[in-house]
Structure formats: structure tokens, C-alpha cells
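Engineer: here is a sequence with its predicted model. Questions after.
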Amino acid sequence: MKPSLLHLNDEVAAALREGRAVVALESTIITHGMPYRANLETARGVETVVRENGAVPATIAVVAGKIKVGLDDRELEQLAAAKDVVKASGRDLAAIMVRGGSAGTTVSATMRIAALAGIRIFATGGVGGVHRGAEATFDISADLTELGQTGTTVVCAGVKSILDMAKTLEYLETQRVPVIAYQSDDFPAFYTRSSGLKADHRLDTPEDIAQAMLLHEQIGSGTGILVANPIPEVDALDPAFIDGTIAAAVAEADKRGIGRKELTPFLLARINELSQGRSLKANIALVRNNAALAARIAVAHARLKR
Ligand code: PSU
């Protein structure tokens, strides 16, 4: 893909030209991760959090066949309300562009587009991973292989236990992706602060993470970095409650034969219904928390690059 294929809005283009901090944001969370209007309010709120922490937000999506880096409010609103938008991972982009379609970009597509635009840091809620039962289905998110070949730092709250967390960490090791937990020894589990699994590394300040990004690049690692930021204590859900809810949703998906790219959106929606909105509330809180950390890392990174 050529950088000239990207449509940057003026604010993002100016910030990049001047070496100021920019944070990329994905849009599958808007189109397939949350119900309307919570999705729109969250998307707007997350952009505000990025600004409050000193960086420029760049929400990435495909709009009428064009790759947009930085959406205006009307585009954000249309994307949030539209019923005909698809979910695009990196491999889907070309075909969607040819037919002039619109798409929410997943972590894999967003991190690739961000890298092309020159944006090094990206905030999301959770990344995709190795699905439970992958030894039979082979269902492993392209987010993991993209992390293995694109040098974007992704700030997330760990992965949900809709996934096989141990296998996800194994796969990240194979892909040479460092996993750094922020102010924690454990790898977080999205709705809860610990998965019971240790993270490879712990760093305690945005400045240290920015420094690690520079060194990772200078070493020529060529891979992304996964920063795992635990959900704030006050927003975390009870582990027994959420694990039971997730298990019920996974069993239902299995029974109904739901798989491939429909699986993650189905599970997110079903968990929200079964938890009577508690999972959505936690999801919004952790995305905002990740956006704040990503912005602080981006500011520290821009300072180091000066
Ligand atoms: N996990 C979440 N919320 C999400 C997603 C994952 O907790 O919205 C979205 C992200 O965009 C991620 C994608 O990149 O789902 C992964 O989908 P799949 O498992 O089909 O690769």
C-alpha cells in the first residue's frame, strides 16, 4: 500500500509534520464492538481523552472506498449509525476500496494504516487472539500476525477470556512481540485486572514505554509492541461473574455454529446482553483508560524523538 492512498485530515497531517504526539484509534469497536449510541459517545469521548492528555486523535476507517486517518464528527456519526459497514482486517482493505465500501478497521488493519501514516501508537480496548478451541478450528486473529510484522505499539487492556489467553501469549512469543504490562506483573484480562498469567515485562511509566519503543526499533526488531494496561480497579468486574457470562456466550456461539469474523462481534453483543450492560460499561471505561495512557506514551515518544 502506498502512503498516497491515505486521506489524512488537516489536524493529523499538521501534527505529524511537526513531530507532535498522535494516537491512532480503531473503528471496528465503533461498527461491531458496541451498540448504537454508546459506540458514538465512546468514540467521541475517547478522542477527547486523547486531547486532554496532550495528543491528537486519529480515528481510522474506510469511508466510501477511501482510507481515512482522522474522521470528522459527521463521518464518525455516519459510521456509528450505519448498518451496511463491514469489518475489515488488513487483508480486506483492497477489495472494499475497489467497490467503494465503508468499513470499521480492526486492530490489524488499523495498525498497518497507522504505520503507513507515520503514527507509532495506537489505543484500543482488546486485541483479537487465539480463540478457544483453535486446535480444532484454527481461529487465530490476524491481529497477532500483524503485530508480528508491523512496528506499531498497541495499548490494550489485555484480551478477553472469550479467547484462550495462554495460547494467545504463546502465539505472541512465536511472533516475537514483546508484551509489556503497565504498572502490573500480570497480563490483564480485559474486564478484570489479572488473567492469572504473568506478563513478560513490567514498565511503570509512559516515559519508560516510549524509551522501550525507541530501543525496540533501533534493535531492528520489526515487530509491534503490545502494552497491556489493566482496567482501573473501580471499573473492574467480578471475575466469577464475568467468566460465567463469557462461558455461556461461548457455548451459545458453539451451539449456533457461529465462527470466523462473526464470532467476536457475536460474543461481545451477547456478553453485553447477558451481563445487563455491565460489560459495556467496563469496556467504555477501559478504552478511555487506554487512550489516556497511549496519549501520554505518544507525548513522551515525541519528546524523545526531538
Ligand atoms: N476485542 C474486543 N473488542 C473489539 C474487538 C476485539 O474486546 O471491538 C475487535 C477489534 O477490532 C479486533 C477485532 O481487532 O475485534 C478482532 O476480530 P477477530 O477476532 O475476528 O480477528
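Structural biologist: Now that the structure is in, tell me what you want to look at. Just so we're clear, the structure is a prediction, and the values are computed from it rather than from any experiment.

Engineer: using CSV, write out every CA atom in stretch 46-54.
Structural biologist: This file holds the C-alpha atoms of stretch 46-54, laid out as CSV (Å, rounded to 0.1, in the frame of the first residue of the first chain):
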residue,chain,number,x,y,z
VAL,A,46,-12.0,8.6,23.6
GLU,A,47,-10.9,11.4,21.2
THR,A,48,-11.4,13.9,24.0
VAL,A,49,-9.4,11.8,26.4
VAL,A,50,-6.5,11.7,23.9
ARG,A,51,-6.6,15.5,23.5
GLU,A,52,-6.8,16.0,27.3
ASN,A,53,-3.6,14.1,27.6
GLY,A,54,-1.7,16.1,25.0
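
Engineer: that stretch and the ligand, any residue contact?
Structural biologist: No. Stretch 46-54 does not reach the ligand (CB under 6 Å from any ligand atom); its nearest approach is 12.4 Å. In short, each C-beta sits where N, CA and C put it, glycine included.

Engineer: ranges for the strands of the stretch 1-150 of the chain?
Structural biologist: 6-8, 22-25, 56-63, 66-69, 86-88, 103-105, 121-123 (DSSP state E, counting those that start in this stretch).

Engineer: okay, now the unreliable bits of this protein?
Structural biologist: 1-3 (pLDDT under 70).

Engineer: does whichever helix in the chain runs longest reach the ligand?
Structural biologist: Ranked by number of residues, the top helix in the chain under DSSP state H is helix 278-305. No. Applying CB under 6 Å from any ligand atom, one finds helix 278-305 separated from the ligand by no less than 6.8 Å.

Engineer: what residues sit buried inside that helix?
Structural biologist: 278-280, 282-302 (16 or more other CB atoms under 10 Å).

Engineer: repeat that for stretch 142-155.
Structural biologist: 142-155.

Engineer: same question for stretch 11-30.
Structural biologist: Applying 16+ other CB under 10 Å to stretch 11-30 flags 12-13, 15-16, 21-30 as buried.

Engineer: between these, which sits nearest Phe138?
Structural biologist: Distance ranking of the buried residues of stretch 11-30 against Phe138, using CB to CB, places Thr28 first at 21.0 Å.
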